[in-house]
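Asks: predicted model follows, preceded by the sequence.
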Amino acid sequence: MKQSIPIQRIIIWIFLLGALVFIMAPMIFMISASFMPASDIVKMPYRWIPRGIHSENFVKAVAGNDGTYIFIRNLLNSLIVASVVSFTTVLISSLTGYSLSKFSYRGRDLLFLMIMATMMIPFEAIMIPLYMVVTKLGLQNSYQGLILPFLVNAFGVFMMRQYLITFPDEFIDAARVDGMSEFAIYRSIILPNTGPAIATLAILAFRSQWDNLLWPLLVAQTEQMKTIPLYIVKFTAEMHTDEGAMMAVNLLASIPMFVLFFALSKYFVSGAAVYSSRKG
């Protein structure tokens, strides 16, 4: 006998398909428009499938309207800043989370509470004091100035602490009985068993810096020190930039994030699932 599909399941599928279309439509538009001439992009109704590959868009996106190829330098700047911030965020957050979850000492809960309190402060509220510190230190227009305020963040500490709080103490106690130092336990036991959390945190930290527009706008003062978001803003605002080149530069700027996500997607999905189950 043929079983009927429950109405609730049909409604869920319709909702999910609608959400998928809503989320994917801008990305599909960006990809298809990057291969079109500007005249086809503004034409209505819009052709979602390009009639050919208009490679001039990508050449113009990389070369820029002035032909200086500063896109490559700005892309490299974003890669350096986002990679260093991801590394330091994972390292410092995992060490701090390990300390807050597996060691008992006076003031531990107060320290954790104070770290969490910093999450309530919007970046715009501390942006000017940070800028004054960076200026006093002479770090304007440098990689140090772009990186220093983002070496670690409270959310990373919270995430690693929540992940490690249910890590079995028996493994750590057994390692101590075997004579391992605390750093050796962290390096040989904690890190290898927190792959999903580390991958999730690394992707989130990388993405937050890859999209960061406001801070580089303050600190980077020359074209050579600007990052990809600043290049996109400048390139799209120029008079001679057409719509096809705008979409091409956006697509090129998105590729590193897609590569990172798909390379770590297995860990990211499992890490998000574990984190969501432990956040309470």
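Replies: Now that the structure is in, tell me what you want to look at.

Asks: element containing the residue nearest to Ile190 when sequence neighbours are not counted, please.
Replies: Among residues not flanking Ile190 along the chain, Tyr98 sits closest, at 5.7 Å (Cβ to Cβ, 6 or more residues apart in numbering). In this view, the C-beta of every residue, glycine as well, is placed from N, C-alpha and C. Tyr98 is located in helix 70-102, with elements delineated by DSSP states H and E.

Asks: from the middle of its chain, how far away would that helix be?
Replies: Helix 70-102 sits 10 Å away from the centroid of its parent chain (Cα atoms, centre = their mean, to the nearest Å).

Asks: how about the helix or strand where Leu201 lies: buried residues?
Replies: When elements are defined using DSSP H and E, Leu201 is found to belong to helix 195-210. Buried residues in helix 195-210, counted by 16 or more other Cβ atoms under 10 Å: 196-210.

Asks: what mean pLDDT would you report for that helix?
Replies: Averaged over helix 195-210, pLDDT sits at 89.

Asks: so which elements touch it?
Replies: When contacts are defined as 3 or more Cβ pairs under 8 Å, 6 or more residues apart in numbering; DSSP states H and E, helix 195-210 packs onto helix 70-102, helix 154-164, helix 243-278.

Asks: quick one, which of those is nearest to Arg51?
Replies: Closest of the helices and strands packed on helix 195-210 to Arg51 is helix 243-278, at 12.7 Å (criterion: Cβ to Cβ).

Asks: can you pull the contacts of Ser83?
Replies: Each residue near Ser83 by Cβ atoms under 8 Å, 6 or more residues apart in numbering is listed here: Phe206.

Asks: swap in 6 Å and give it another go.
Replies: Neighbour list for Ser83: empty [criterion: Cβ atoms under 6 Å, 6 or more residues apart in numbering].

Asks: separation between it and Asn74?
Replies: Ser83 sits at a distance of 15 Å from Asn74 (criterion: Cβ to Cβ, to the nearest Å).

Asks: show me where the stretch 101-250 of the chain has its strands.
Replies: Under the criterion DSSP state E, counting those that start in this stretch, strands are not mapped anywhere in the stretch 101-250 of the chain.

Asks: any low-confidence regions in it?
Replies: Scanning the stretch 101-250 of the chain for pLDDT under 70 picks out the ranges 239-241.

Asks: quick revisit: lowest-confidence stretch among the helices and strands packed on helix 195-210?
Replies: Mean pLDDT is lowest for helix 243-278 out of the helices and strands packed on helix 195-210, coming in at a mean of 78.

Asks: and the gap between the residue nearest in space to the middle of the chain and Val85?
Replies: In the chain, the C-alpha nearest the mean C-alpha coordinate belongs to Arg207, at 1.3 Å (Cα atoms, centre = their mean). Taking Cβ to Cβ as the measure, Arg207 falls 10 Å from Val85.

Asks: go on, Tyr143?
Replies: Distance, Tyr143 to Val85, by Cβ to Cβ: 11 Å.

Asks: who has more neighbours out of the two?
Replies: It is Val85, of Tyr143 and Val85, that has more neighbours when counted by other Cβ atoms under 10 Å, with 25 against 15.
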